[in-house]
Each structure stands twice: as structure tokens, then as C-alpha cells.
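S.K.: mind folding the following:
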Amino acid sequence: NLFTEEEFSELASFIESTHSCDSTEAPSDASEGATEKAESSTPPKKSRGRKVINLDLPREERIIDLEDKTCKTCSSEMTAIGEAISEKVDFIPAKIIVIRTKRIKYTCTCCQTLVAAPMPAEIIDKGIPTDNLLAEIVAKKFIYHLPLYRQQQLFKTMGVDFSLSTLSDWVAAVGNALAPLAERLKTLLLEQEVIHADETRLNILDNRRGSSIIHGYIWAYASSIHSNVPIIYYDCTDSREGKHAQNILKTFKGKLVVDDYSGYKALFDKYESIIEAGCFTHVRRKFAEIVKVAPHPLAQYFINESAKLYQIENKLKHVTPEQRKYVRKKFAKPILKKLRKWLIKTLSKTLPNTLFARALNHAINRWKSLEIYLNDGNVPIDNNHIERNIRPIALGRKNWLFAGSFAASQLMTNIMSLLATARANGIDPEQWLRETLVVLPTWKYNELDKLLPIKSIQKTEC
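M.R.: Numbering: from 1, shown residues only. From the prediction side, this is the model:
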């Protein structure tokens, strides 16, 4: 704890009183002087021993009984007095089956008309995979990061031999079917007041250049971590040029949380409706890199002061935006003001062109964007939220290495956007995918929102 005992006590009691307010307005002045000592609560001890097996899992009961219930000592009939119960987890291996559908044909003897019930609509009409099989392949690839060539090997052990091109075509068909949902997801994202943005590299197989590998990029966008409408949206491009971010965000009006990448600079210069919000983690990271090499008291001072800001944020996870803004202005603003003066003063005494001088300059140049979060309770202190949603891409990239083509990468982002959004909303992405692929072929276009994996929208419509 980097606060003094009195400071931390005041912060804890103040936030507690703020959180207990029924209204969304800031607390009255009377609560500002609350300095009662916060109760010290020790975290609960972790229970040791074997974890309880999930009670929701189906159970199969097996009874083991004595064949001979006669006492070995006196030959009397023994009486049951209880049970010794133990549980083990079993696994039933997956299997491939063929569904053979028969449609009864009818004819009219008078007019010679031939009629049969139509086949139910599916993602791939007249194809051999069911929607359930498509969901299995897509889930393994994008949720569990299992490449298609490994899935091909698994299917061979089950008795079916699907070619890699066939599996790729099926994944593409799912991405194409989900395109309207992904597009609707993007529209809802652009209606948000705050958006996170970041990008990461993705190798793409370019058939136009003799199957050579080009460096493409996946751009990740997300609604604020404080938003009640969690949305994750991915876009794939063939370069890292800022024009790609402009193409997505040109209609956005609000605050964009980004790092210091120059590709976003033109966006802020071109569109006055988009305000830059900085990432404190990126600024702090430059000082942390200095401390890793060798002890540096001045760099450590910046890290310690930054930690105070994060201590405040950790206590504001479950308050309203207005309450978050009010507490930030009371406790975080003085720290930032003091820290900025320290940065300018320290820079004047530091040798130029050193790592420490560059870290100081970077912090000073970013300071205006770093202070944006003080005036808006919906803006987070950093861009960590979107970085967490880029990690699954990096993990998948290590397994499936590259996208088969630029068109395939764009279809791939449709799938990834919806599965990531489901996960952000606490919805099982695999279950959502299975249920959606079954109903999607016959779903009405004007009711797409009901299929989106966003809990707040589903509740509103219900």
C-alpha cells in the first residue's frame, strides 16, 4: 500500500460512502470529510484438498454391494447402516455419425403432381456437414486454437477423411453466414461513447504473389471496460497504415483509448469529434523497463505514484460513472498534478538522449491525453482491456501460423468478433455458436439483434 494509513483510510471510507449512494449524483460535501478507519478484512483462506466436482454435471450411479452379507465372525446376517460415496470424472469420447434423412414423396393420381417436404435450411445447403459439425470445427479452431490440419487428423481417427481445402471452405461459409451479425456488431460499437483500439500482426498467404507470406494486421476495437454493452470487434487489413483505422472509425463520435502509435494521430487531426484518451500503462512501461535493467530511484518514484492511481481505480469497479468521476477528481487529480510538475522539473535536470529522458519526454507529451479519464467516468485509465482481447489472437497465431488468404482473414474476423463478444458478456461462445448456426438460415434480417451475444440487448428485447 503506497498511500499513508490516513490517506488510504480516507479513500476507502469515501468510496464506500460514494458507492452506497442511491442516486447517480456525486456525494454531498458532508461525506467528503469522512475519515473513519476502514475495517481491515483478511482475505479468506483457500480451501485445501480436492475440489468439489461440478454439481451441475450429469451423474451415473453405480452400486457396489457385498455378495455375501453374512458376518465372518459369528455367521449372523449383517444390517446396512450407511453408504460410502466417492465420485470420479469419466469421459465419453466424441463420435461421428451419419444422419440419413428420408423425405416421403407423394403424388396425386388425378393431376400427376409430385410433392415432398422441403429439406430444412442449413448454413451449407446440399452440403454434407450439419450445422453442429460446422460449429465443432469453428469452435476448435477459434476458441481452442486447434489448426485445421490437426482436426483433419482427428477426423481420420474417427473414420472420415475431410481434405484441408474442404475444411477451409466450411469455415469460410460460417464466416460468410455470420457477416451480417458482425456488421451489426460494428454498428453498435460505433454508437458507444468510449472505444478501445489496438492492433497486432497476422501473416497472410498471398496467392497473388506466388503463395508468398505478407504481413497483415488485425485491428481490435472494444467498447469501454466500464460499458454495460461489452462489444469486441476485429478487422483485418493488409498493412498497418492509419487509413484502416479511419475507415472503421470515421463515423465514431467520442473518446478513443489508444497507445502512442502514429497511425491514430491522423484520425484525431481529421475528425474533431474523436478525442484521444491515453494509456497510462504504456507510459509507465517505459519507466518499468529502466528499473528492470538497474535500480533507478527516480524511475521507481514514477512507478510508485502510478500505483496509487491504480489503487484508486481498483476500488471503483462497481460504482456509477458519475461516482467514478467524482472520486477521481478528489483523489487522482492531485496525484497527477503533482506528478506532472515532477516530470517537468526532473527533465530539466536530466541528460538528454538517455532512456530516462525519453521516458520523461514521452510522459509529458502524452499528459493531455492521460488526464482525459479524470473528466469522464466511462473512460478507463489504460488500454489493458483491448490488450487482453488481443492475446487470444497471438495464441491462435502460434498454432495456425497464418490466414489462407486475405479474403479468408476477413471472414475469420467475423467469427472471432462474435465469439470474443460472447465471452465478454459471460456467454459460452461455443454454445452460442451452435444455437445460432441452427437458426440463422431462416432468421429475419430485421431481428438480428436478438441473435447477438450481448446480454443487455437480449434483456431489453425480452
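S.K.: any idea how far the helix or strand containing residue 308 is from the chain center?
M.R.: Using DSSP states H and E, residue 308 sits in helix 297-314. Computed by CA atoms, centre = their mean, to the nearest Å, the chain-centroid distance of helix 297-314 equals 26 Å.
S.K.: pLDDT (mean, whole number) over that helix?
M.R.: Regarding helix 297-314, the rounded mean pLDDT is 94.
S.K.: identify each buried residue in that helix, please.
M.R.: For helix 297-314, the buried set under the neighbour-count rule, 16 or more other CB atoms under 10 Å, comprises 298, 299, 302, 303, 305, 306, 308, 309, 311, 312, 313. Every residue, glycine included, has its C-beta placed from N, CA and C.
S.K.: the closest residue to residue 344 other than its chain neighbours: what's it in contact with?
M.R.: Distances taken as CB to CB, 6 or more residues apart in numbering place residue 364 nearest to residue 344, at 6.6 Å, with adjacent residues excluded. If you count contacts by CB atoms under 8 Å, 6 or more residues apart in numbering, residue 364 has them with 340, 343, 344, 347.
S.K.: tally of neighbours for residue 379?
M.R.: 25 (other CB atoms under 10 Å).
S.K.: before we move on, the earlier item: buried subset of the contacts of residue 364 as a PyMOL selection?
M.R.: In PyMOL syntax, the buried subset of those is picked out as below (16+ other CB under 10 Å):
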select buried, resi 343+347
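S.K.: let's see which of the contacts of residue 364 end up in strands.
M.R.: Among the contacts of residue 364, DSSP state E puts none in strands.
S.K.: can you list the contacts of residue 364 in CSV and add distance to residue 381 and pLDDT?
M.R.: Formatted as CSV, those follow (distance: CB to CB, whole Å; pLDDT from 0 to 100):
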residue, distance to residue 381, pLDDT
340, 15, 96
343, 17, 97
344, 21, 96
347, 23, 96
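S.K.: buried residues in stretch 196-215?
M.R.: 196, 197, 198, 199, 200, 202, 204, 205, 206.
S.K.: any idea how far residue 156 lies from residue 166?
M.R.: Using CB to CB, to the nearest Å, we find residue 156 at a distance of 13 Å from residue 166.
S.K.: what does residue 212 give?
M.R.: Using CB to CB, which is the criterion applied here, residue 212 is 24 Å from residue 166.
S.K.: related to what we said a few turns ago, for the contacts of residue 364, which one is nearest residue 144?
M.R.: Closest approach to residue 144 among those (CB to CB): residue 343, at 45.3 Å.
S.K.: correct me, but that closest one touches residue 360?
M.R.: Yes. Using CB atoms under 8 Å, residue 343 is in contact with residue 360, at 5.6 Å.
S.K.: give me the number of residues near the nearest residue to residue 71 once chain neighbours are set aside?
M.R.: Counting by CB to CB, 6+ apart, residue 71 lies nearest to residue 78, which is 5.5 Å off, once chain neighbours are set aside. By the measure other CB under 10 Å, the count of residues near residue 78 is 12.
S.K.: next one: phi and psi at residue 78?
M.R.: Note on residue 78: backbone dihedrals following degrees, to the nearest 10 are phi -80, psi 150.
S.K.: give me the pLDDT for it.
M.R.: Per-residue pLDDT puts residue 78 at 91.
S.K.: many thanks, I have nothing further to ask.
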